[in-house]
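Enquirer: Build the 3D model from these lines:
(one chain, ligands or ions: 1)
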Amino acid sequence: MAPQEPAWWQREIIYQIYPRSFQDSDGDGVGDLPGIIQRLEYLAETLGVDAIWLSPFYPSPMADFGYDISNYVDVDPLFGTLETFDELVREAHARNLKVIIDFVPNHSSEQHPWFLESRSSRDNAKRDWYTWADAKPDGSTPNNWLGMFGGSAWTWDEATGQYYFHSYLKEEPDLNWRNPEVKEAMFDVMRFWLERGVDGFRIDAVLHIMKDPALRDNPVNPGERIVLGNPPLPEYDAQLHLHDQAHSDIHGIFREMRHLLDSYGEERSRMCIGELDIFEWPTWASYYGAALDELHMPFNFGLLRVPWTAQAVRGVVDALEAALPPEAWPNFVLGNHDVSRIASRVGNAQARVAMMLLLTLRGTPTLYYGDEIGMIDVPITPDQILDPLQQWAPELGRDPARTPMQWDSGPNAQFCLPGATPWLPIAEDYRRVNVAAEREDPRSMLVLTQALIAARRASPALFGGAYRSMDNVPPACLVYVRETKDERRVIALNFSSTDQTVALPELGRGRITMSTVLDRREPVNLAKLHLHPNEGCLVTVALV
Ligand code: GLC
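Expert: So this is what the prediction gives:
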């Protein structure tokens, strides 16, 4: 059987937009959909990505900045209207950009009419749409399950005398996916957006939708952290999350979701990428489905938590490759709206190496907005904290990685109008680190990212070829080969701040077509490839 042509989501590069922080068009200091439309040209033409993923823009009381949804099938006035959304899809598609939206199936806002009904009385028709349980005889919570953002996962409802369950904030009650009406209502939400032309979903907190129906206590974590949040959450990680999430029935739901997606458009034209954070690769890989009939891709967060050394990174990539079911397609990500930015985690010099890694590995890359210009975490003073997680655990806060996009050196970095107050502070370095300035600087992070994207797009070995990592290289270096039968690329990354020499005579000779410093293009013999401190090189090898 001839190998299948790759689907768009296997070939393309996804760019995550946090709508609040991308571009404000109306002067309220919060980014919006018209703002995103204004910037589509940048994404499609300047940067050259192929798909955008929009974090939530739905009506929300914003307790969790939009992940607490009070209407799944509308747009919050802060961001625009359904018409603006339709225009965004049209404009994006006109530029060959796919549109992926966030789907948040696990929980709604406590202000969602479904929950208002559910909590109105014990015999309301929607009571069972959420998870309610009686107190123990001593009045305590039904079990020991914890909320990911701190404290018990159970909140007492005085009026109806029961606890309701929330995996996250108490403002985000979990829907009960065991109730067939809930499942159908949420599938209808997916249908609603598919009909409006979206190309895929990033599915939020996807493992949480199925828990133990008997509500058994989680066991204590004996020390080995098995399933945990990212960043680590000390109280939460003290338990093994065996019963409050990922009940085995979840696979059936994923198969149904997949069936729904497959019934739209041409074959493999609609996709889903599920947010799940799992340490053990075989378990992670199981979410592709035994017959590759569940999630198109489970998000791979391996590079978010790996210690930044060549060997540890190689360990992650090789372990993932080894765990992948045949024909399953990998993916990689360096950052998102929940974790510290890559340039802050590893430093600016290594952020360039990381970008070369992300864009030359086998698997769909997802780029977090601003990482392409080297944005860093912005310090947030205690009085500026907005993120509910940060209010609870300041060191884990997510505000620093969600600050406004830096477009140019003018007032407010052109994220919002000069007189407006941006919802989070703009980085102090914005006069230097911004799109306009970096477009003019031939060695900037932006130019590097553009060049890597262009190189990936042009090379079947890079976007679709096989991957193998090389032994016998200095411990500070990661070297791997990407190849098809017609084409070979070698990527050599120096994770250290000292000079390194890679000696791999078996790979032959070629040409350095790009270095992360953007200062050399030259013939090279891989028997002796010299790497400068913090440098990565992309080498095209002649196949004889
Ligand atoms: C996911 C989101 C995060 C949100 C949480 C609850 O982890 O990425 O931002 O707070 O789900 O919806």
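Enquirer: Could I get the phi/psi values of Arg482?
Expert: Main-chain dihedrals, Arg482, degrees, to the nearest 10: phi -120, psi 130.
Enquirer: Number of residues surrounding it?
Expert: The burial count assigned to Arg482 is 24, neighbours taken as other CB atoms under 10 Å. To be clear about C-beta, it is placed using only N, CA and C from the backbone, and glycine gets the same treatment.
Enquirer: what sits against it?
Expert: With contact set as CB atoms under 8 Å, 6 or more residues apart in numbering, Arg482 has these partners: Thr360, Arg362, Ser459, Ala461, Leu462, Gly465, Ala466, Tyr467, Arg488, Arg489, Val490, Ile491.
Enquirer: repeat that with 10 Å
Expert: Shown in contact with Arg482 (CB atoms under 10 Å, 6 or more residues apart in numbering): 360-362, 456, 459-468, 488-491, 538.
Enquirer: Any of the residues you listed buried? List them.
Expert: Of the members of these, the ones counted as buried by neighbours, 16 or more other CB atoms under 10 Å, are 360-362, 456, 459-465, 467, 488-491, 538.
Enquirer: Quick one: mark the members of these that sit in helices.
Expert: The subset of the buried ones among the contacts of Arg482 located in helices under the criterion DSSP state H comprises Thr360, Arg456, Pro460, Ala461, Leu462, Phe463, Gly464.
Enquirer: Turn those residues into JSON lines, including pLDDT.
Expert: As requested, those are arranged in JSON lines below (pLDDT from 0 to 100):
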{"residue": "Thr360", "pLDDT": "98"}
{"residue": "Arg456", "pLDDT": "98"}
{"residue": "Pro460", "pLDDT": "96"}
{"residue": "Ala461", "pLDDT": "98"}
{"residue": "Leu462", "pLDDT": "98"}
{"residue": "Phe463", "pLDDT": "97"}
{"residue": "Gly464", "pLDDT": "96"}
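Enquirer: Any chance of the residues you listed in a markdown table with distance to Pro475 as columns?
Expert: Below are those laid out as a markdown table (distance: CB to CB, whole Å):
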| residue | distance to Pro475 |
| --- | --- |
| Thr360 | 20 |
| Arg456 | 27 |
| Pro460 | 31 |
| Ala461 | 26 |
| Leu462 | 26 |
| Phe463 | 29 |
| Gly464 | 30 |
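Enquirer: List just the nearest of these to Arg11.
Expert: The shortest distance between Arg11 and any of those, using CB to CB, involves Phe463 and amounts to 5.3 Å.
Enquirer: returning to what we had before: could you pick out which of the ones in helices among the buried ones among the contacts of Arg482 are also in contact with the ligand?
Expert: With CB under 6 Å from any ligand atom as the criterion, the subset of those in contact with the ligand is empty.
Enquirer: Any idea which residue of this structure lies closest to the ligand?
Expert: Distance from the ligand to each residue of the chain (CB to the nearest ligand atom) is smallest for Tyr67, at 3.3 Å.
Enquirer: Can you tell me how far that residue is from Asp318?
Expert: Using CB to CB, to the nearest Å, one obtains 33 Å as the distance from Tyr67 to Asp318.
Enquirer: Neighbour count for these two, which is higher?
Expert: Tyr67 (23 against 14).
Enquirer: what about the more buried one, which helix or strand?
Expert: Applying DSSP states H and E as the criterion places Tyr67 outside every helix and strand.
Enquirer: Next one: it from Ser109, what distance?
Expert: When CB to CB is the yardstick, Tyr67 and Ser109 sit 9 Å from each other.
Enquirer: so what sits against both of those two?
Expert: When contacts are counted by CB under 10 Å, 6+ apart, the set common to Tyr67 and Ser109 consists of Tyr58, Ser60, Leu169, Glu171, Glu172.
Enquirer: What is the burial count for the closest residue to the second one other than its chain neighbours?
Expert: I take that to be Ser60. Nearest-residue entry for Ser60: Gly66, 4.8 Å, with adjacent residues in sequence omitted and distances by CB to CB, 6 or more residues apart in numbering. Counted with other CB under 10 Å, the neighbours of Gly66 add up to 25.
Enquirer: Use 327 as the first number for this chain going forward.
Expert: Taking 327 as the first residue, the last one we looked at is Gly392.
Enquirer: Which residues are in contact with Gly392?
Expert: Shown here is Gly392, whose contacts under the criterion CB under 10 Å, 6+ apart are 344-346, 380-386, 402, 404-405, 428, 430, 435, 663.
Enquirer: again with Pro360
Expert: Taking CB under 10 Å, 6+ apart, we find Pro360 in contact with Gln349, Asp350, Ser351, Asp352, Phe405, Gly406, Thr407, Thr410, Glu413, Leu414.
Enquirer: who are the neighbours in contact with the residue of the chain closest to the ligand?
Expert: Contacts for Tyr393 were tallied using CB under 10 Å, 6+ apart; they are 381-382, 384, 386, 428, 430, 432-433, 435, 494-495, 497-498, 530-531, 663.
Enquirer: Also Leu423?
Expert: 338, 341, 366, 369-370, 375-378, 414-415, 417, 525.
Enquirer: got it, and Arg835?
Expert: Applying CB under 10 Å, 6+ apart, the residues near Arg835 are Pro849, Val850, Asn851, Leu852, Ala853, Val865, Val867, Ala868, Val870.
Enquirer: Rebuild the residues you listed as CSV, extending it with distance to the ligand.
Expert: Converted to CSV, the contacts of Arg835 look like this (distance: CB to the nearest ligand atom, whole Å):
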residue, distance to the ligand
Pro849, 46
Val850, 42
Asn851, 46
Leu852, 41
Ala853, 46
Val865, 37
Val867, 40
Ala868, 44
Val870, 48
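Enquirer: Now render these as CSV, adding secondary structure, pLDDT and neighbour count.
Expert: Supplementary listing: the contacts of Arg835 in CSV, determined by DSSP: H, G, I helix; E, B strand; the rest coil; pLDDT from 0 to 100; neighbours: other CB atoms under 10 Å:
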residue, secondary structure, pLDDT, neighbour count
Pro849, strand, 97, 10
Val850, strand, 97, 24
Asn851, strand, 97, 13
Leu852, coil, 97, 20
Ala853, coil, 98, 13
Val865, strand, 98, 25
Val867, strand, 96, 19
Ala868, coil, 85, 10
Val870, coil, 71, 5
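Enquirer: Nothing else from me, thank you.
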